[in-house]
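1. Pasting the sequence and the predicted coordinates here, then a few questions.
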Amino acid sequence: MFPLVLVCSGVVGVWAILYPEAVLGWAKTAHSSLDVNDSSIWWIPRLIGAFFLFFAFLLVLASHG
């Protein structure tokens, strides 16, 4: 179970950082007024992606130390 959490957190983090408009498109289903092409709000999914990558990094450190 632990490796699956690690891989999923890493994949979601990289996806959010590389494709913020895709994450916003996914969130648009709940908030229809969201403009996915507005690059001024892309920092939000990128920040979330960075948190996921940081979480995966902490899991790697915790498992080896």
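-> Right, received. Where do you want to start?
2. and stretch 51-61, what's its mean pLDDT?
-> Per-region confidence: stretch 51-61 scores 92 on mean pLDDT.
3. which one's the longest helix in this structure?
-> If you go by DSSP state H, the chain has its longest helix at helix 43-64.
4. what residue lies at the spatial centre of the chain?
-> Gly49 (2.9 Å; C-alpha atoms, centre = their mean).
5. before we move on, back to that, then the longest helix of the chain to CSV, C-alphas only?
-> Provided in CSV are the C-alpha atoms of helix 43-64 (Å, rounded to 0.1, in the frame of the first residue of the first chain):
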residue,chain,number,x,y,z
TRP,A,43,-0.1,29.0,-9.7
ILE,A,44,-2.8,27.4,-7.5
PRO,A,45,-2.7,23.9,-9.1
ARG,A,46,1.1,24.2,-9.3
LEU,A,47,1.3,25.0,-5.6
ILE,A,48,-1.0,22.0,-4.9
GLY,A,49,1.3,19.8,-7.1
ALA,A,50,4.3,21.0,-5.3
PHE,A,51,2.7,20.0,-2.0
PHE,A,52,2.0,16.5,-3.4
LEU,A,53,5.6,16.2,-4.5
PHE,A,54,6.8,17.4,-1.1
PHE,A,55,4.6,14.8,0.5
ALA,A,56,6.0,12.1,-1.7
PHE,A,57,9.5,13.2,-0.8
LEU,A,58,8.7,13.1,2.9
LEU,A,59,7.4,9.6,2.5
VAL,A,60,10.6,8.5,0.8
LEU,A,61,12.6,10.1,3.6
ALA,A,62,10.4,8.5,6.3
SER,A,63,10.7,5.0,4.7
HIS,A,64,14.5,5.1,4.6
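6. Contacts for that helix, please.
-> Helix 43-64 has contacts (C-beta atoms under 8 Å, 6 or more residues apart in numbering) with 2, 5-6, 9-10, 12-17, 20, 23-24, 27. Every C-beta, even on glycine, is put in place using the N, C-alpha and C of the backbone.
7. Check which residues of that helix are buried.
-> With burial defined by 16 or more other C-beta atoms under 10 Å, the residues of helix 43-64 counted as buried are Pro45, Arg46, Ile48, Gly49, Phe52, Leu53, Phe55, Ala56, Leu59.
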